[in-house]
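A.B. asks: take a look and give me a structure for this.
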Amino acid sequence: MKTYRVKVNDKVYEVEVEEVTSETKKETPVTKEEPAEHHNHREIHAPLSGKVLEVLVKKGQRVRKEQTVCIIEAMKLENEIRSAYDGIVSEVLIAEGDEVKNKDLMITLE
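C.D. replies: Okay, here's the model as predicted:
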């Protein structure tokens, strides 16, 4: 499996691509990953592995959908991580200098 970054309408997505053979085509369903939402909490996960350069929100702060909440450096590129939701920050689980892995929980919103 290979990982690629794809830019669509000025928005960068990280995608994993797997070679499909006639056997895996029938066995592997394609699913769309929805943003995580548990009960009344909405979660912002790391979309890629890297080092947290800057955290731009704090507990209690109101956040709008598409607002940049942190910046992660990966492969010498600075990546702005944006919220998929409107909400109020209930928890910040990262700090500047932290190393995060793909899909690590970083921020929760109410």
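
A.B. asks: partners of Val92 in the sheet?
C.D. replies: Counting by DSSP bridges, Val92 is bridged to Ile107.

A.B. asks: residues touching it, list them.
C.D. replies: 55, 57-59, 106-107 (C-beta atoms under 8 Å, 6 or more residues apart in numbering). From N, CA and C alone the C-beta is placed, and that goes for glycine too.

A.B. asks: what subset of these is buried?
C.D. replies: With burial judged by 16 or more other C-beta atoms under 10 Å, the buried subset of the contacts of Val92 is 55, 57, 106-107.

A.B. asks: which of those sits closest to Val89?
C.D. replies: Val57 (5.1 Å; C-beta to C-beta).

A.B. asks: sec struct for that closest one, please.
C.D. replies: coil (DSSP: H, G, I helix; E, B strand; the rest coil).

A.B. asks: hang on, Ile71 packs against Leu77?
C.D. replies: No - counting by C-beta atoms under 8 Å, Ile71 does not reach Leu77; the two are 10.3 Å apart.

A.B. asks: of these two, who's got more company?
C.D. replies: Ile71 (17 against 11; other C-beta atoms under 10 Å).
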